[in-house]
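Enquirer: Generate coordinates for the sequence data below:
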Amino acid sequence: MDTFTTITILVTISALISFFNYRYVKLPGTIGIMVIAITLSILIMIAGKAFPEMHGFVIELSSNLDFTKTLLDVMLAFLLFASALHFDFEKLKAQKLPVLILSTIGVIGSTTIFGFLFYWAATLLGIEIPLMYCFLFGALISPTDPVAVLSILKKSKIPPSLETIIGGESLFNDGVGILLFVTLREIVEDNGIEFSWAHSGHLFVQEVFGGIVLGIISGYLCTLMVKKIDELQTIVMITLAMVMEIAVCGGLLHVSIPLAAVTAGLMLSNMTLGESSSSAHLKELLDKIWGLIDDLLNTILFVMIGLQVVIIPFFGHYWLISLLAILFVIVARAISIAVPTVLLNRSLNISYNKMGIVIWAGLRGGISVALALSLPESNYKPLIVSASYLIVIFSIIVQGLTLNKVVNKLAT
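Expert: Next comes the predicted model:
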């Protein structure tokens, strides 16, 4: 199956699922699309013996997608740029301290707590998995997924200040998450590697600061160009080219593509387009176009997540530990948020009720699945992939559907 055929089939399936959800199921967009895609995949798996051709077709389609590369190297830059472009930078500045705390201390604390809890549960259940792999699992599942979070927040009734904190956290916690994941993955790939602050610092500078610098340079050059143009078509092409350049250069330079895309998006979020009196209208049209791109790619992404069911290695003895992992993720996030919030309550200005909303709104999504699939082959990878996928399903469907109820109860 060639690339164009694969894309055509994927877009067609996405369009049909989107239509079916809008016309009949009527669940919130991304949630409904994922539910239908997962249900469709499960039905195909069940009917696999009766219709082996259909089952084989879906497996071939899912295998050809290369979910990890497609999401992390291609789609993520567009999704994060579109999200950052619509983000209010002034509101983000006003909430910079809680965003900074949650995206650093929160991620590190959650990774550590989850790693110990998962290792304890696995030992209790007689499942052999090294502690370092448990921390690696924690590193890929602890950061909230900006794509999932922002797509759900758009449809929620969450207070604006909390929306800024939760959205900002999801945009910026990739830096710490990437540092932890890359460092721990190198350690588990070679047991002879010892932890080194110098090596970790080098990775941090290269991934995080390198991504921010790439985003600043790209955003600055793009801003210089679009300020001198009053034609929407050219402005859209320039921004598209910039995001593509970030995706390509980020991969070649081994810097954080997500952070580069977010940085560029924030730089362009409050800019003035063109030199005529129609600049405000141009900015509004540009926002709508990138909003449409965001919605289309989100639809395709959640269909891709749903279709991954056919190739995720679910095994009988992984179900209990995977269900426990869902609980551990919530507990780890709760503790990693509660401790700094209590200690810095005056500075963060987050009440206990609002803290509950922040905890429940920390959704995981396709990035966690993609990172799990990128792990080196080992006896422990199937467990981590399976548990990650179940956590993502619970996060998007259960937490996503109940977020407004939690907000209504706690936002007093």
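
Enquirer: Measure how buried residue 24 is and give me the count.
Expert: By other CB atoms under 10 Å, 9 other residues sit near residue 24. Where you see a C-beta, it was placed from the backbone N, CA and C, and this is true even at glycine.

Enquirer: Check what pLDDT it gets.
Expert: For residue 24, the pLDDT comes out at 92.

Enquirer: any idea whether it is helix, strand or coil?
Expert: Using DSSP: H, G, I helix; E, B strand; the rest coil, the structure places residue 24 in helix.

Enquirer: Give me the phi and psi for the nearest residue to residue 9 once chain neighbours are set aside.
Expert: Closest residue in space to residue 9, ignoring its immediate chain neighbours: residue 61 at 6.0 Å, by CB to CB, 6 or more residues apart in numbering. Reported as degrees, to the nearest 10, the phi and psi values for residue 61 are phi -60, psi -50.

Enquirer: can I assume residue 61 is in contact with residue 6?
Expert: Yes. Here residue 61 lies in contact with residue 6, judged by CB atoms under 8 Å, at a distance of 6.5 Å.

Enquirer: circling back to that earlier point, give me the neighbour count for the residue nearest to residue 9.
Expert: Applying other CB under 10 Å, we find 18 residues neighbouring residue 61.

Enquirer: likewise residue 340?
Expert: 19.

Enquirer: so what's it up against?
Expert: Counting by CB atoms under 8 Å, 6 or more residues apart in numbering, residue 340 makes contact with 101-102, 105-106, 109, 348.

Enquirer: what do you get for residue 312?
Expert: 385-386, 389.

Enquirer: Which of the three states applies to it?
Expert: coil.

Enquirer: Tell me how far stretch 130-142 lies from the chain's centre.
Expert: 17 Å (CA atoms, centre = their mean, to the nearest Å).

Enquirer: So what's the model's average confidence on that stretch?
Expert: The model assigns stretch 130-142 a mean pLDDT of 93.

Enquirer: Run through who's touching that stretch.
Expert: Under the criterion CB under 8 Å, 6+ apart, residues 107, 110-116, 118-119, 122, 177, 180-181, 184-185, 187-188, 325, 329, 332-333, 336, 364, 368, 371-372, 375, 378, 380, 384, 387-388, 391 lie in contact with stretch 130-142.

Enquirer: What are the buried residues along that stretch?
Expert: Counting neighbours by 16 or more other CB atoms under 10 Å, one finds that the buried residues in stretch 130-142 are 132-142.

Enquirer: JSON lines please, covering those and showing distance to residue 303 and secondary structure.
Expert: Output for the buried residues of stretch 130-142, formatted as JSON lines (distance: CB to CB, whole Å; DSSP: H, G, I helix; E, B strand; the rest coil):
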{"residue": "132", "distance to residue 303": "34", "secondary structure": "helix"}
{"residue": "133", "distance to residue 303": "30", "secondary structure": "helix"}
{"residue": "134", "distance to residue 303": "31", "secondary structure": "helix"}
{"residue": "135", "distance to residue 303": "32", "secondary structure": "helix"}
{"residue": "136", "distance to residue 303": "28", "secondary structure": "helix"}
{"residue": "137", "distance to residue 303": "26", "secondary structure": "helix"}
{"residue": "138", "distance to residue 303": "28", "secondary structure": "helix"}
{"residue": "139", "distance to residue 303": "27", "secondary structure": "helix"}
{"residue": "140", "distance to residue 303": "22", "secondary structure": "helix"}
{"residue": "141", "distance to residue 303": "22", "secondary structure": "helix"}
{"residue": "142", "distance to residue 303": "26", "secondary structure": "coil"}
